[in-house]
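Colleague: Provided below are the primary sequence and the corresponding predicted coordinates.
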Amino acid sequence: MKKSTSAARSNPVANDPEVVAFRAQFDERSPLDAIVRTGAQQMLQAAIDAEVAGFLHAHTDRRDEKGKRLVVRNGYHPKRELLTGAGRLEVRQPRVRDNTADKEGRVTFSPSVLPPYLRRSKTIDDLIPWLYLKGISTGDFQEALQSLLGEDTKGVSANVVVRLKEKWGREYDEWNRRDLHGKEYVYLWADGIHANVRLEDEANQRQWMLVLMGATPDGRKELVAVVDGFRESKQSWYELLIDLKQRGLAAAPKVAVGDGALGFWAALREVFGETCEQRCWFHKTGNVLNRVPKSIRGKAKSDLHEIWRAETREDAHKAFDAFLEKYAAKYPEACQCLKQDRDVLLTFDDFPAEHWKHLRTTNPIESTFATIRLRHRRTKGCGTRRASLTMMFKLAKSAEKKWRRLDGPERILFLLEGKKFVNGELQETAA
C-alpha cells in the first residue's frame, strides 16, 4: 500500500482527471479482459487471413503455361506482437509468393490492417504524445503504459520516445514546407503563445510561438502555421505571412482575428492589405478590466458584453457610448483602451451572423494550447526551441481533428461571391 501511494505521489499525472478516467477503463482486470484480448487477436488474425484470400482471388488469372497459379500462399512470416488499446496482441501474417518469371512484374502482399513494421496501433501512438504533454518524462513511459494497458506492456523505452520525438520533428519540418497552391482561408485567427520554459540561451527567453488557424471555404478549421518568433515583432509576423504567400497562399483572407497587441497587424497590412481586421473581444475585455478596480469588474464586464452581444451595429455603438459615459470620468485608461479599437472590435457585424461567435475571439487557439502550458509547468529540465515547436505542432494537429466546423458554412459562398452582409444579414441586390 505504501509503495503504491509513494508511486502515485512521484507520478506527475497520477491524480489528473483525464488520466484517472482513461485508466479506469483498464483497472480491475478480470477474466473478461483476457477474453476481450483473445477475441481482438482472433478478429485481427481473421481480418488478415480474409484480406490475403481476397488478394489471391484477385490474381487468380496469373497462371503459367501449365495452368498453375503463380500467386500462391507460402506459409507465414515470423510472429509479430502489436501494442494496442486491448493490450499486447500476437499475430501471424501469411506469406504470399509470386512466381512470375519477370521479377519487375511481380506483385506483393501487405495487409492494410497490418502495415510493414507496425509495432503499435495508432491509438497508442496518439497516447504517447498525450502522456508526454501531460508531464510524463521519457524514462517513465514504461511504468505509465503498464499502469494503463497492463503489466505485459513492453517496448516503449526512453529510447523509443526519443526516436518518436525525432520523428515528430521531421513531420513538423515537412508540414512547415508544404505546398499551399490552391489553398484558401476565408478567416484567419492569429495569436502569440508563450510557454514558460527555460530555453537554450538568454536571447531566447522572450521567444513566443506564432500560431495561425484558418477556416477553409467549406467551413472547416485548419492549423495554418506554428513558428517561433516575437509576439510584438512585426518582422516575425511579416516573415511568416510572406512565407505562406511564397508557398502558394495567394488569396487574402476576408477577416483576420487577433489581439491588438500583436505585431501581426502591421505585417498583415503589408502582405494582405485587403483583409479586414477584427480585434479579439476576449483579450480586449481582459485588458479593459485590468484597468478598473476589482470591486466593479463584474459590472464592467457585463456592460462590455452588452456591446458585442448587440444585434445591430447601431445598438453596439449605443452600448459602446454608454460604457464610455459611465466609466470615463473615474477610469479614463480603461475607456481609452476600449475606444482605441472601436471600429475593429465591431468588424464581425459585416459578416454572417452564424459566424459571429467564431469571429469575435481567438479562443480556439487559446483553448488548444492550454495543454502545452501545463506541460511546461511540469517540466523542470531545460527546454529547446525545437522541442517546444514540435510539441506545439503535435498537440495542434491532434486537436485539429476535433475543431468545430463553422456554423452556417454555406454562407461562405456568398462572401466568396462578393455579396454584402449588414448586421449579419445577407443584403439582396436589386434586379
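Modeller: Cool, the structure landed. Because the structure is a prediction, the values reported are computed rather than measured.
Colleague: need the strands for the stretch 101-250 of the chain, in chain order.
Modeller: Assigned by DSSP state E, counting those that start in this stretch, the strands in the stretch 101-250 of the chain fall at 187-193, 208-215, 221-229.
Colleague: Between those, which one is closest to Asp64.
Modeller: strand 221-229 (51.9 Å; CB to CB). Where you see a C-beta, it was placed from the backbone N, CA and C, and this is true even at glycine.
Colleague: Pairing partners for the closest one, with directions?
Modeller: Strand 221-229 pairs in its sheet with strand 208-215 (antiparallel), by DSSP bridges.
Colleague: so for the strand it pairs with, what's the average pLDDT?
Modeller: Mean pLDDT, strand 208-215: 90.
Colleague: Just want the angle from that strand to strand 187-193.
Modeller: Put simply, strand 208-215 runs at 160 degrees to strand 187-193, going by axes from the mean of the first three to the mean of the last three CA atoms, to 10 degrees.
Colleague: From the rest of the structure, what touches strand 208-215?
Modeller: 185-195, 221-231, 236-237, 240, 244, 253, 264, 358, 364-365, 369, 388-389, 392, 396, 403, 406, 412 (CB atoms under 8 Å, 6 or more residues apart in numbering).
Colleague: What of stretch 280-299?
Modeller: Stretch 280-299 is touched from outside by 257-261, 300-301, 304, 308, 327, 331, 333-334, 337-338, 341, 345, 360-363, 366, with contacts defined as CB under 8 Å, 6+ apart.
Colleague: could you flag which of these are buried?
Modeller: Listed as buried from the contacts of stretch 280-299 are 257-260, 300, 304, 308, 327, 331, 334, 337-338, 341, 345, 360-363, 366; burial here means 16 or more other CB atoms under 10 Å.
Colleague: Tell me which of the strands of the stretch 101-250 of the chain lies nearest to Asp349.
Modeller: Judging the strands of the stretch 101-250 of the chain by CB to CB, what sits closest to Asp349 is strand 187-193, at 14.8 Å.
Colleague: what about that closest one, average pLDDT?
Modeller: Here the average pLDDT along strand 187-193 is 91.
Colleague: hmm, who's touching it?
Modeller: 208-215, 224, 229, 231-232, 237, 253-259, 262, 264, 275, 355, 358-359, 362, 364-366, 369, 372, 392, 406.
Colleague: Please apply the same query to stretch 263-271.
Modeller: If you take CB under 8 Å, 6+ apart as the criterion, stretch 263-271 is touched by 190, 210, 230-238, 240-242, 245, 256, 258, 275, 277.
Colleague: Can you flag the buried ones in the residues you listed?
Modeller: Among those, those classed as buried by 16+ other CB under 10 Å are 190, 210, 231, 233-234, 236-238, 240-241, 256, 258, 275, 277.
Colleague: how about JSON lines for those residues, with distance to Lys66 added?
Modeller: Formatted as JSON lines, the buried ones among the contacts of stretch 263-271 follow (distance: CB to CB, whole Å):
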{"residue": "Ala190", "distance to Lys66": "69"}
{"residue": "Leu210", "distance to Lys66": "68"}
{"residue": "Arg231", "distance to Lys66": "75"}
{"residue": "Ser233", "distance to Lys66": "75"}
{"residue": "Lys234", "distance to Lys66": "77"}
{"residue": "Ser236", "distance to Lys66": "71"}
{"residue": "Trp237", "distance to Lys66": "71"}
{"residue": "Tyr238", "distance to Lys66": "72"}
{"residue": "Leu240", "distance to Lys66": "66"}
{"residue": "Leu241", "distance to Lys66": "67"}
{"residue": "Ala256", "distance to Lys66": "71"}
{"residue": "Gly258", "distance to Lys66": "73"}
{"residue": "Thr275", "distance to Lys66": "71"}
{"residue": "Glu277", "distance to Lys66": "77"}
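Colleague: if we can go back for a sec, now, the contacts of stretch 280-299 that are in strands?
Modeller: Among the contacts of stretch 280-299, the members found in strands (DSSP state E) are 257-258.
Colleague: Just the buried subset of the contacts of strand 208-215, please.
Modeller: 185-193, 195, 221, 223-229, 231, 236-237, 240, 244, 253, 264, 358, 364-365, 369, 388-389, 392, 396, 403, 406, 412.
Colleague: I'd assumed Lys234 was in contact with Leu262.
Modeller: No. Leu262 is beyond contact range of Lys234, at 9.1 Å (criterion: CB atoms under 8 Å).
Colleague: okay, and for the stretch 101-250 of the chain, where does confidence drop off?
Modeller: Applying pLDDT under 70 to the stretch 101-250 of the chain flags residues 112-161, 195-207.
Colleague: can you give me the helices in it?
Modeller: 122-133, 141-149, 158-176, 234-246 (DSSP state H, counting those that start in this stretch).
Colleague: Among the contacts of stretch 280-299, name the ones in helices.
Modeller: 300-301, 304, 308, 327, 333-334, 337-338, 363, 366 (DSSP state H).
Colleague: wait, which of these is closest to Arg178?
Modeller: Glu366 (24.8 Å).
Colleague: what sits against the closest one?
Modeller: Applying CB under 8 Å, 6+ apart, the residues contacting Glu366 are 191, 282.
Colleague: And it, how close does it get to Val211?
Modeller: Going from Glu366 to Val211 by CB to CB, to the nearest Å gives 10 Å.
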